[in-house]
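1. Okay, sequence plus prediction incoming.
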Amino acid sequence: MIRIHAIQTGIVQVKRAFIRGSVQAGGMLPFLGQLFTDSQTLDLPVYAWVIEHPEGVIVVDTGEIAATKINWITQSRFAIQPEEEIGPQLARLHITNRDIRQVVLTHWHGDHIGGREYFQAARVYLSETEYRYARQFPTRMLVPFPADYHPQPLAFQPEPVGPFTHSFPL
């Protein structure tokens, strides 16, 4: 039996400019200017996903932790209580660190990797693209890559898999 849990690890309040724009659209300086001058915000839930699988528990993203209050670069503010962190929520589900087979990080943003401290013994995976992104400047300065943290780069195959390997007539 497979069970999937959506675990909300708090709220992040983001500037609407963060949602609307991107660095690629006009460059870093205009993007940062929009973030610092925009007064409209949007509250978004921060989620982690837990998949109870016969071969072991898989955690997808780790949410954020209560100690994080603001990301000065993106002007994002976090509202997270200690009991909302992924560790205490896993305990309420009676899932221990020994149960967790692997952690898959979708990307290297604080609200997706902040709870990584709860998974010191698990195998951690991160796409090759995100791994390179996390290790390069300026990302490694903005979201530090801890020296003792060793996610395994995960190579995605460009070919379709499973039911997507066949073409269907339209």
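-> Received, thanks.
2. When you work out contacts or count neighbours from here on, use the C-alpha atoms and nothing else.
-> Noted.
3. Mind pulling the model confidence for Ile113?
-> Looking at Ile113, its pLDDT is 87.
4. wait, is it part of a helix?
-> Yes. Assessed by DSSP: H, G, I helix; E, B strand; the rest coil, Ile113 belongs to a helix.
5. Can you give me the neighbour number for it?
-> For Ile113, the count of nearby residues is 21 (other Cα atoms under 10 Å).
6. Surely it and Glu64 touch.
-> Yes. Counting by Cα atoms under 8 Å, Ile113 does reach Glu64; the two are 6.7 Å apart.
7. wait, what's in contact with the residue nearest the centre of the chain?
-> By Cα atoms, centre = their mean, the mean C-alpha position of the chain lies nearest to His112, the distance being 1.7 Å. Going by Cα atoms under 8 Å, 6 or more residues apart in numbering, His112 touches 46-48, 61-64, 105-106.
8. For those residues, could you give me a markdown table that also reports distance to Ile11?
-> Formatted as a markdown table, these follow (distance: Cα to Cα, whole Å):
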| residue | distance to Ile11 |
| --- | --- |
| Val46 | 6 |
| Tyr47 | 9 |
| Ala48 | 12 |
| Asp61 | 15 |
| Thr62 | 14 |
| Gly63 | 10 |
| Glu64 | 9 |
| Leu105 | 19 |
| Thr106 | 18 |
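9. Can you lay out the residues you listed as a markdown table showing secondary structure?
-> Converted to a markdown table, the contacts of His112 look like this (three-state DSSP):
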| residue | secondary structure |
| --- | --- |
| Val46 | strand |
| Tyr47 | strand |
| Ala48 | strand |
| Asp61 | coil |
| Thr62 | coil |
| Gly63 | coil |
| Glu64 | coil |
| Leu105 | strand |
| Thr106 | coil |
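10. Tell me the one among these nearest to Thr96.
-> Within the contacts of His112, distances to Thr96 taken as Cα to Cα reach their minimum at Thr62, with 14.4 Å.
11. check contacts around that closest one.
-> By Cα under 8 Å, 6+ apart, the residues touching Thr62 are 47-49, 86, 105, 111-116.
12. rerun at 6 Å
-> Going by Cα atoms under 6 Å, 6 or more residues apart in numbering, Thr62 touches 48, 112-113, 115-116.
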